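Enquirer: Sharing a model that was predicted from the sequence below.
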Amino acid sequence: MVKDLKESRETLNKIDDKMKELYLERMEVIKDVTAYKIENGMATFDRAREEAMKERLASDLSEPLKSYYLEFLETILKTSKDLQDRIKGE
């Protein structure tokens, strides 16, 4: 039986609200990470860290969701790096 569209959209709205909250929380932590990197002369981009994160988060996913999730994660990582560069004045 197919779920009601209105019910499904309400569920999606709740998920989207949680994702927004978690994204904003993540970006606040990125500010702390950036302060640490500035203090310790570290670069914004850490390839090993990103690759390990992708492996940890996507290793249990199967296609096609794995590819979609990695694309989603790439967007989050890009915005995180962009914020770090902005804070650093780069």
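Expert: Everything's here; your move. Residues are numbered from 1 along each chain as shown.
Enquirer: From here on, just use CA atoms for contacts and neighbour counts.
Expert: Noted.
Enquirer: Below-threshold pLDDT in this structure: ranges please.
Expert: Applying pLDDT under 70 to the chain flags the ranges 1.
Enquirer: What ranges does it have for its helices?
Expert: All helices of the chain, identified by DSSP state H, fall at 5-39, 47-58, 65-88.
Enquirer: most neighbours per residue, which of these?
Expert: Of all those, helix 65-88 carries the top mean neighbour count, a mean of 15, counting by mean count of other CA atoms under 10 Å.
Enquirer: hey, C-alpha coordinates of it in PDB?
Expert: This file holds the C-alpha atoms of helix 65-88, laid out as PDB (Å, rounded to 0.1, in the frame of the first residue of the first chain):
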ATOM      1  CA  LEU A  65      22.600   5.100  -2.500                       C
ATOM      2  CA  LYS A  66      26.300   5.000  -1.800                       C
ATOM      3  CA  SER A  67      27.100   7.300  -4.700                       C
ATOM      4  CA  TYR A  68      24.300   9.700  -3.800                       C
ATOM      5  CA  TYR A  69      25.400   9.800  -0.200                       C
ATOM      6  CA  LEU A  70      29.000  10.500  -1.200                       C
ATOM      7  CA  GLU A  71      27.800  13.300  -3.400                       C
ATOM      8  CA  PHE A  72      25.800  14.700  -0.500                       C
ATOM      9  CA  LEU A  73      28.800  14.400   1.800                       C
ATOM     10  CA  GLU A  74      31.000  16.100  -0.800                       C
ATOM     11  CA  THR A  75      28.700  19.100  -0.700                       C
ATOM     12  CA  ILE A  76      28.900  19.300   3.100                       C
ATOM     13  CA  LEU A  77      32.700  19.000   3.000                       C
ATOM     14  CA  LYS A  78      32.900  21.700   0.400                       C
ATOM     15  CA  THR A  79      30.800  24.200   2.500                       C
ATOM     16  CA  SER A  80      32.800  23.300   5.500                       C
ATOM     17  CA  LYS A  81      36.100  24.100   3.700                       C
ATOM     18  CA  ASP A  82      34.600  27.300   2.300                       C
ATOM     19  CA  LEU A  83      33.600  28.500   5.700                       C
ATOM     20  CA  GLN A  84      37.100  27.700   7.000                       C
ATOM     21  CA  ASP A  85      38.700  29.600   4.200                       C
ATOM     22  CA  ARG A  86      36.400  32.500   4.800                       C
ATOM     23  CA  ILE A  87      37.200  32.600   8.500                       C
ATOM     24  CA  LYS A  88      40.900  32.400   7.600                       C
END
